[in-house]
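Participant: Please work out how this folds:
(2 chains)
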Amino acid sequence: MTALPASRKRRARLLNTVRYLAILAVLMTFMLPFLWMALNSFKTQIDITNAKNILHFTPTLGNYRNAFEQHNYLLYLVNTFVVAAASTLLSLVLGLPAAYAIARFRTTWLGVLLLTARIVPGIIFMIPWYIVFSRLGLTDSYWPLILSHMVVGLPFIAWIMIPFFESLPVELEEAARIDGSSIFGVFFRIALPLAVPGIITASIMAFIFSWNNFMFSLVLSGDHTRTLPVAIFNFISYASVDWGGLMAAAMIITLPVLVITLSVQRYVVAGLTAGATKG
Amino acid sequence: MPTRRRAGTFFIMPAVVFVAAMVLFPIGYTAWLSLHEWSGSAVRSPRWVGIGNYTELLTRDPRFGYAVLRTFFFTAIAVPLEIILGLAIALLISEKFRGQHLAKALILLPMVATPVAIGMAWLLILEPNIGPLNTLLRSWHLPPQPFLGSGQQALLCLIAVDVWQWTPMMALILVAGLATLPGEPFEAARVDGAGLWQRFYHLTLPLLMPTIITAMLLRSIEALKTFDIIYTMTRGGSDYSSETMNIYGYVQSFEYFALGKASSLLTLFFALVLGVSLIFIEVRKRWGMAVA
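Facilitator: Next up is the predicted model:
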């Protein structure tokens, strides 16, 4: 009588151990490239090229100092931030009213148009944008970057916010209308405050997408507006690669995103899985 | 009602103007330019060539055909791998365990990290002489591999990086899908003595299918358009062995300045992505109906 539960308990404990080991292995697989990046960003070129010095080396901040002092990384950091903040803000200004109108006034065609814009390969815009922005003499200003990043941000904000506005109870807004509130009053004083969680999710994701954007910035940024993902290529020349510098640059680019993600995890998960789980 | 409609117009107008100028106009311009030959010169305007660019791509440019094949190959290998591994990880982490919160947070990092930075990290990991992967192979007395330097391995390496980057995304979506499954069928199956595998194959998998199809749709569209890691790690390769449509389109546009030919390539690329999206949406509808 007692033998069976005991063996079953042992089996369950074994299964649990195996499960923990599997989870650990999975996490290691996803973390190791980041750890390797971080580790080597504190090494000199000599320590990186010597396989025996994987953990035996004197850490140096030289690569980071070099990135900021020799390679102008403060400027690129500021550029990346300005473009991400401005494109997110403008995407919200254009996207929130549009998403509200699509949800409430059934402007379905615009919804379809915005969602199609998410499918279009971004590279199809590049030649016309490049030509138009050069003709307008805007090639070394922030505008081409801000506007192009909005092409990612705005449809994404609509994608998150349309279902969010649809899920808000319409009765509240109708009551306010009867009390004499204008449509604008309803939008600003009732719909927007209720939509704050959705707006936070959408903003964080739009900001991250802009921060990470490479293709648009590669073609549209000039010497003074270069963003971090484009500037990192300075560490690779035909003759050699400055691996330490490259890893330090990679850390500078990606650390802010990782910190944001870990501190507002809930919103990032909501943003990444939006639209995928409703079947 | 008229004030409502007028207000609606006011709400959508800025977004409509923006989409018209930044999305619709460029698509139209690219389609128009695809019927011309132009190097971007301000002095010489585009010259009409009809469908000449398209016939050149489809009949006289083997690089294009291979790029199309590679684009499909990349997606057809990477996405199913991401779904299978993602499902395995989702099943592994969806039930409660100590440290679940942290595990779910860490697993987010590959998909939010800057792709260019990730590409650079993998460039070092796959470096044939100083990279840790070959160091590991040598310590096991296995022959070191050329990885990105080899025509046969470069595309497979890029697929591996894509799988590393996006498997967590699939896991995340499937964890959310698993959480919405009804509990009763599983209880009933357990009472009837169904084993772990039987419950997975006859209950979890079919019930999760709509989520799996949706995840595949979203991921496939993105995988066809992969640019950042390929550009960062190989730029298509000196022998073009990892050149996809997206990369070839970039090269034709901004390295060769064959703007007409590039435009026809990009128009075909757009049609292809749209076609794949429509097929998936149709499949998803069928599944939705079968389930309902």
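
Participant: okay, now the domains of the chain?
Facilitator: No chain specified, so I'll use chain A. A:3-29, A:70-273 (automatic domain parsing).

Participant: not what I meant, chain B
Facilitator: Domains of chain B are assigned by automatic domain parsing as B:1-33, B:64-291.

Participant: Adding mean neighbour count and distance to chain A, write the ones you listed out as a markdown table.
Facilitator: Placement of C-beta: from N, CA and C, glycine included. Formatted as a markdown table, the domains of chain B follow (neighbours: other Cβ atoms under 10 Å in any protein chain shown; distance: least, Cβ to the nearest Cβ, whole Å):
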| stretch | mean neighbour count | distance to chain A |
| --- | --- | --- |
| domain B:1-33 | 16 | 4 |
| domain B:64-291 | 18 | 4 |
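
Participant: Quick check: pLDDT value at A:K278.
Facilitator: As predicted, A:K278 sits at a pLDDT of 51.

Participant: Next: A:L194.
Facilitator: Reported pLDDT for A:L194: 94.

Participant: What distance do you get for it to chain B?
Facilitator: For A:L194, the distance to chain B equals 17 Å [Cβ to the nearest Cβ, to the nearest Å].

Participant: Report how many residues lie close to that residue.
Facilitator: A:L194 has 16 neighbours, counted by other Cβ atoms under 10 Å in any protein chain shown.

Participant: so what's A:N234 up against?
Facilitator: Contacts for A:N234 (Cβ atoms under 8 Å, 6 or more residues apart in numbering or on different chains) come out as A:H71.

Participant: where does it sit relative to chain B, distance-wise?
Facilitator: Applying Cβ to the nearest Cβ, the value for A:N234 to chain B is 12 Å.

Participant: quick one: low-confidence ranges for the stretch 151-279 of chain A?
Facilitator: A:276-279 (pLDDT under 70).

Participant: Quick one: the strands in the stretch 1-150 of chain B, in order.
Facilitator: B:36-37, B:47-48 (DSSP state E, counting those that start in this stretch).

Participant: And the contacts of the last one?
Facilitator: Residues from elsewhere that reach strand B:47-48, judged by Cβ under 8 Å, 6+ apart: B:L35, B:H36, B:E37, B:W38.

Participant: can you list the domains of chain A in a markdown table and add distance to B:S241?
Facilitator: Listed next are the domains of chain A as a markdown table, based on distance: least, Cβ to Cβ, whole Å:
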| stretch | distance to B:S241 |
| --- | --- |
| domain A:3-29 | 26 |
| domain A:70-273 | 20 |
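
Participant: Deepest-packed of these, please.
Facilitator: domain A:70-273 (a mean of 19; mean count of other Cβ atoms under 10 Å in any protein chain shown).

Participant: from the chain's centre, how far out does that domain sit?
Facilitator: Offset of domain A:70-273 from its chain centre (Cα atoms, centre = their mean, to the nearest Å): 8 Å.

Participant: Do me a favour and get the end-to-end distance for it?
Facilitator: Start and end residues of domain A:70-273 are separated by 41 Å (Cα to Cα, to the nearest Å).

Participant: just to revisit the earlier point, identify, out of the strands of the stretch 1-150 of chain B, the most deeply packed stretch.
Facilitator: strand B:36-37 (a mean of 18).

Participant: before we move on, back to that, now the strands of the stretch 1-150 of chain B as a markdown table including distance to B:G28?
Facilitator: Output for the strands of the stretch 1-150 of chain B, formatted as a markdown table (distance: least, Cβ to Cβ, whole Å):
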| stretch | distance to B:G28 |
| --- | --- |
| strand B:36-37 | 13 |
| strand B:47-48 | 16 |
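
Participant: so which of these comes closest to A:L113?
Facilitator: Nearest of those to A:L113, taken as Cβ to Cβ: strand B:36-37 at 26.7 Å.

Participant: Now do the helices in the stretch 101-250 of chain B.
Facilitator: If DSSP state H, counting those that start in this stretch is used as the criterion, the helices of the stretch 101-250 of chain B fall at B:109-112, B:115-125, B:132-139, B:154-179, B:184-191, B:196-199, B:205-224, B:228-233, B:245-254.

Participant: Contacts made by the second one with the rest, please.
Facilitator: With contact meaning Cβ under 8 Å, 6+ apart, helix B:115-125 is reached by A:33-34, A:36-37, A:40, A:48, A:212, A:214, A:229, A:232, A:243, A:246-247, A:249-251, A:253-254, B:110, B:130-133, B:148, B:157, B:161, B:164-165, B:228-229, B:231-233.

Participant: Output that helix as CSV, restricted to C-alpha atoms.
Facilitator: Only the C-alpha atoms of helix B:115-125 are listed here, as CSV (Å, rounded to 0.1, in the frame of the first residue of the first chain):
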residue,chain,number,x,y,z
PRO,B,115,19.1,43.3,-33.8
VAL,B,116,22.3,45.0,-35.0
ALA,B,117,23.9,44.5,-31.6
ILE,B,118,22.8,40.9,-31.5
GLY,B,119,24.3,40.4,-35.0
MET,B,120,27.6,41.8,-33.7
ALA,B,121,27.6,39.5,-30.7
TRP,B,122,27.0,36.4,-32.9
LEU,B,123,29.6,37.7,-35.3
LEU,B,124,32.1,37.3,-32.5
ILE,B,125,30.7,34.0,-31.3
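
Participant: Quick one: mean pLDDT over it.
Facilitator: 97.

Participant: chain center to it, what's the gap?
Facilitator: 18 Å.

Participant: Give me the residue at the spatial middle of the chain.
Facilitator: Here I'm looking at chain A. A:I208 (2.2 Å; Cα atoms, centre = their mean).

Participant: oops, I was thinking of chain B
Facilitator: B:A223 (1.2 Å).

Participant: Show the contacting residues for the residue lying closest to it once chain neighbours are set aside.
Facilitator: Spatial nearest neighbour of B:A223, excluding adjacent residues (Cβ to Cβ, 6 or more residues apart in numbering or on different chains): B:T75 at 4.2 Å. Contacts for B:T75 (Cβ under 8 Å, 6+ apart) come out as B:S220, B:A223, B:L224.

Participant: What is the nearest of the residues you listed to A:V18?
Facilitator: Nearest to A:V18 among those, with distances taken as Cβ to Cβ, is B:A223, at 31.8 Å.
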